[in-house]
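Student: Provided below are the primary sequence and the corresponding predicted coordinates.
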Amino acid sequence: MKSIDTKYRKLNLTGRFFDGSKIYFAVAVGASLATTALNALTPQIFRFSIDSVLGGEKYIYLSGHLWVLSLLLIGVAVLSGISQYICRSNTAMAGENFAKNMRDALFVHVQKLPMQWHDQNQTGDIIQRCTSDVEVIRNFVVTQLLEVFRTVFLVVISFVMMLYMNVKLSLVVLAFVPVVVLYSAIFYRLIAKRFVDADEAEGELSTVVQENATGVRVVRAFGREKFEMDRFREKNEIFARLWIKLGTLSGLYWGVGDLITGFQVVAVIVLGTAEAVRGAISVGEFVAFASYNTTLVWPIRGLGRILSDMSKAGVSFERVDYIIRAEEEAYTDSDRRTDRKETEGTGRPHKFDICFEDVNFAYESGKEVLSDVRFSIPQGSAFGILGGTGSGKSTIVQLLTRLYELKEGQGRICIGGRDIREIPLEQLRGCVGMVLQEPFLYSRTIRENIGACAPDASMEDIRRGAKIACVDGSVMSFPDGYETLVGERGVTLSGGQRQRVAIARMLLQNAPILVFDDSLSAVDSQTDSMIRKALGDCMKDATVILISHRITTLMGADQILVLNHGRVEEMGTHHELIERQGIYRRIYDIQMSQDDRQQMTAEAEECREPAAEIHSDSQSVSGDSRNPAWQEGGAEDGGI
Ligand SMILES: Nc1ncnc2c1ncn2[C@@H]1O[C@H](COP(=O)(O)OP(=O)(O)OP(=O)(O)O)[C@@H](O)[C@H]1O
């Protein structure tokens, strides 16, 4: 039952990806059959040509018309060439369309898969499923499937001709067919499992390469080259060994196959010669028969290749289907609405206060990461979150944007009084601008990176965002300015520059809720303070969530939440928390040694006379002090 279901899914999937290519495929099949039919005529022309010379009385009428046979041969060759061309060009179009549809569908689907799915699947393996597996399927569906049609037609047509010429010899040929088919089927079963192993080994090898290419700095910094080389060698060894086994098996298949077909050809030649000597068959007929036999032998032998390709394609189908089958992010009823008008209760929220109500959360691994988390953030205020590594700070913002979903009974998160599960995902995420500690930058120019979320942004807008994020000066110092190409994941920029480019990108998104997830960690305290001041100026209405390990980054927030092992330990303003003598106070004391306090005072003084780059950046940030909370933070920085 399961296998019928799987086969049906495969057919369904194939049909779906053939959209727009069916006509090309049909023309290719038609042209291939025409070529086969034309080729089947050639042995008959040879037969009549030979018999007209050697065949005596019976064919005497042809001897004066050999030129007609020559013309026929030329005509068949020309027509065969034309139909070959039509077949190949249409096959290429059908194949490329098919693969394109498949890649499109996979890419779009992967975009919609939940974070849990991405957590459980390796990037290298996903890439392989979307590229080489698609190629294997394309190759089979377009090339081999066509071959199946051609083979069946060729076998039928050749066999009819052979039967027509000599029944006894035809039966000899026929006797070998089940042997070859059975042999191919056994081979197919043997090889199928090995293809699964080889494909999986390739996925693992790709993952090692991908991880090393992206993590090259870490590998070098920790001197992990040898370890990584050994890891690669091990995977490479397994991969090579599996393909060698496959190659050996294939060699055995073709060797034994050659032997079987060799026997068949010998049998036909010996018996055919005897029949010709006996006069039961003319020399021309014998030559034509041998020719049909040869054309018949190869496609039947090719059945093994078709079956082995089928097994490869079957494995690749499973792997691609694994992605297609994966459920997309949990969409609520409101997500499915096509009418995205801003009607009450369905569209984008109108208010942006945030409320976490008794939130408990665990990832797939099962351990509870957040327990009874309860807090609210009024619209337009700044909210700081402080907590140790792994205390659940990032989880809070991942839940806010529904990158991970709260299940029934795990509490509620509201924006503007509405449960976020009722807000369409697109609208929800459009409301929240986020900068991560290690922001991802595209391998494009800085201008394109900053404008990535705002396609209509002008150069002026881009520079305004960059100035607020205090990165305009650095960018302008590059020879190519905003056209500077950022290497993969921004490797040509420093960590702090990457964070600031990401902040500029977020600013252009114009979101009413802004989340800074430890996103000022790579900039120095002075620049951190400058950026916060500039942001405070221009983001007066935004609801801001600041996550940081640095008390100076958080102290100006209206409320600060201290998270300890997923629980709310303390909450209040900086002054309240200092007075409380709890964890916050202890961290404050550790971070603010007397020396630091003095240094901070000096830095704050300097802030009033910023360094060249920062000065030029900050000067361009216009406006008065409009976000009291943030400005207060700046003042406190200065005041200590
Ligand atoms: N995708 C995930 N799948 C499973 N567990 C996760 C996942 N993301 C985080 N965790 C676990 O959840 C806990 C909280 O992680 P989280 O990233 O929220 O902490 P954090 O306070 O932001 O830490 P840091 O300050 O180091 O960034 C950690 O124990 C972490 O291992």
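Tutor: Okay, I see it.

Student: now the closest residue to residue 420 other than its chain neighbours: phi and psi?
Tutor: The shortest distance from residue 420 to any non-neighbouring residue, by Cβ to Cβ, 6 or more residues apart in numbering, is to residue 413 (5.0 Å). For every residue, glycine as well, the C-beta is placed using N, CA and C. Per-residue torsions, residue 413: phi -120, psi 130 (degrees, to the nearest 10).

Student: check contacts around residue 413.
Tutor: By Cβ atoms under 8 Å, 6 or more residues apart in numbering, the contact set of residue 413 is 354, 355, 356, 357, 359, 399, 400, 406, 419, 420.

Student: show me the helices in the stretch 451-600 of the chain, by range?
Tutor: Here the stretch 451-600 of the chain has its helices, by DSSP state H, counting those that start in this stretch, at 459-468, 472-477, 495-509, 525-538, 551-554, 574-580, 583-591, 594-607.

Student: wait, residue 154 sits on residue 295?
Tutor: Yes - contact criterion Cβ atoms under 8 Å: residue 154 and residue 295 qualify, at 6.6 Å.

Student: joint contacts of these two?
Tutor: Counting by Cβ under 8 Å, 6+ apart, the residues touching both residue 154 and residue 295 are residue 40.

Student: these two: who's more crowded?
Tutor: A direct count of neighbours by other Cβ atoms under 10 Å for residue 154 and residue 295 places residue 154 higher, at 24 against 18.

Student: and residue 45, what helix or strand is that in?
Tutor: For residue 45, the host element (DSSP states H and E) is helix 22-54.

Student: wait, residue 374
Tutor: strand 368-377.

Student: JSON lines please, covering the helices of the stretch 451-600 of the chain and showing distance to the ligand, mean neighbour count and mean pLDDT.
Tutor: Converted to JSON lines, those look like this (distance: least, Cβ to the nearest ligand atom, whole Å; neighbours: other Cβ atoms under 10 Å; pLDDT from 0 to 100):
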{"stretch": "helix 459-468", "distance to the ligand": "25", "mean neighbour count": "20", "mean pLDDT": "89"}
{"stretch": "helix 472-477", "distance to the ligand": "26", "mean neighbour count": "19", "mean pLDDT": "88"}
{"stretch": "helix 495-509", "distance to the ligand": "14", "mean neighbour count": "24", "mean pLDDT": "87"}
{"stretch": "helix 525-538", "distance to the ligand": "17", "mean neighbour count": "23", "mean pLDDT": "73"}
{"stretch": "helix 551-554", "distance to the ligand": "13", "mean neighbour count": "24", "mean pLDDT": "84"}
{"stretch": "helix 574-580", "distance to the ligand": "18", "mean neighbour count": "16", "mean pLDDT": "89"}
{"stretch": "helix 583-591", "distance to the ligand": "13", "mean neighbour count": "15", "mean pLDDT": "86"}
{"stretch": "helix 594-607", "distance to the ligand": "21", "mean neighbour count": "14", "mean pLDDT": "49"}
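
Student: any chance of those helices in a markdown table with distance to residue 87 as columns?
Tutor: Below are those laid out as a markdown table (distance: least, Cβ to Cβ, whole Å):
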| stretch | distance to residue 87 |
| --- | --- |
| helix 459-468 | 52 |
| helix 472-477 | 55 |
| helix 495-509 | 50 |
| helix 525-538 | 63 |
| helix 551-554 | 67 |
| helix 574-580 | 76 |
| helix 583-591 | 74 |
| helix 594-607 | 74 |
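
Student: just to be sure, residue 433 is in a strand?
Tutor: Yes - under DSSP: H, G, I helix; E, B strand; the rest coil, residue 433 falls within a strand.

Student: skipping its backbone neighbours, what lies nearest it in space?
Tutor: Counting by Cβ to Cβ, 6+ apart, the residue nearest residue 433 is residue 511, at 3.5 Å.

Student: give me the number of residues near the one you found?
Tutor: Residue 511 has 20 neighbouring residues, counting by other Cβ under 10 Å.

Student: quick one on the thing from earlier: quick check: what element follows the helix holding residue 45 along the chain?
Tutor: helix 66-112.

Student: rounded mean pLDDT for that following helix, please.
Tutor: Average pLDDT, helix 66-112: 88.

Student: partners of the strand holding residue 374 in the sheet?
Tutor: Neighbouring strands of strand 368-377 in its sheet, by DSSP bridges, are strand 354-362 (antiparallel).

Student: now the strand it pairs with: buried residues?
Tutor: 354, 355, 356, 359, 360, 361, 362 (16 or more other Cβ atoms under 10 Å).

Student: likewise stretch 15-26?
Tutor: For stretch 15-26, by 16+ other Cβ under 10 Å, it's 17, 18, 21, 24, 25.

Student: what does the chain put close to the ligand?
Tutor: Within the chain, the positions lying close to the ligand (Cβ under 6 Å from any ligand atom) are 119, 363, 365, 369, 387, 389, 390, 391, 392, 393, 394, 395.

Student: just give me the least confident of those residues.
Tutor: Per-residue pLDDT puts residue 365 lowest of the residues of the chain next to the ligand, at 76.

Student: where does the residue nearest to residue 420 land on pLDDT?
Tutor: At residue 413, pLDDT is 94.

Student: gap between it and the ligand?
Tutor: Distance of residue 413 to the ligand, given as Cβ to the nearest ligand atom, to the nearest Å: 15 Å.

Student: residue 219 reaches residue 226, doesn't it?
Tutor: No - Residue 219 lies out of contact with residue 226 (Cβ under 8 Å); the separation is 10.1 Å.

Student: give me the more crowded residue out of these two.
Tutor: Neighbours per residue, other Cβ under 10 Å: of residue 219 and residue 226, the larger number sits with residue 219, 17 against 8.

Student: helix or strand: which one has that one?
Tutor: Applying DSSP H and E, one finds residue 219 within helix 216-221.

Student: rewinding a little: now the buried residues of strand 354-362 as a markdown table including pLDDT?
Tutor: Shown next, in a markdown table, are these (pLDDT from 0 to 100):
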| residue | pLDDT |
| --- | --- |
| 354 | 93 |
| 355 | 93 |
| 356 | 94 |
| 359 | 92 |
| 360 | 93 |
| 361 | 93 |
| 362 | 92 |
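
Student: let me know the closest of those to residue 69.
Tutor: residue 362 (82.4 Å; Cβ to Cβ).

Student: which ones among the residues of the chain next to the ligand map onto helices?
Tutor: 119, 393, 394, 395 (DSSP state H).

Student: contacts only, for the closest residue to the ligand within the stretch 151-300 of the chain.
Tutor: The ligand sits closest to residue 218 of the stretch 151-300 of the chain, with a gap of 16.2 Å, by Cβ to the nearest ligand atom. Residues near residue 218 by Cβ under 8 Å, 6+ apart: residue 224.

Student: how near is it to residue 155?
Tutor: Applying Cβ to Cβ, to the nearest Å, the value for residue 218 to residue 155 is 59 Å.

Student: go on, residue 592?
Tutor: Taking Cβ to Cβ, one finds residue 592 at 87 Å from residue 155.
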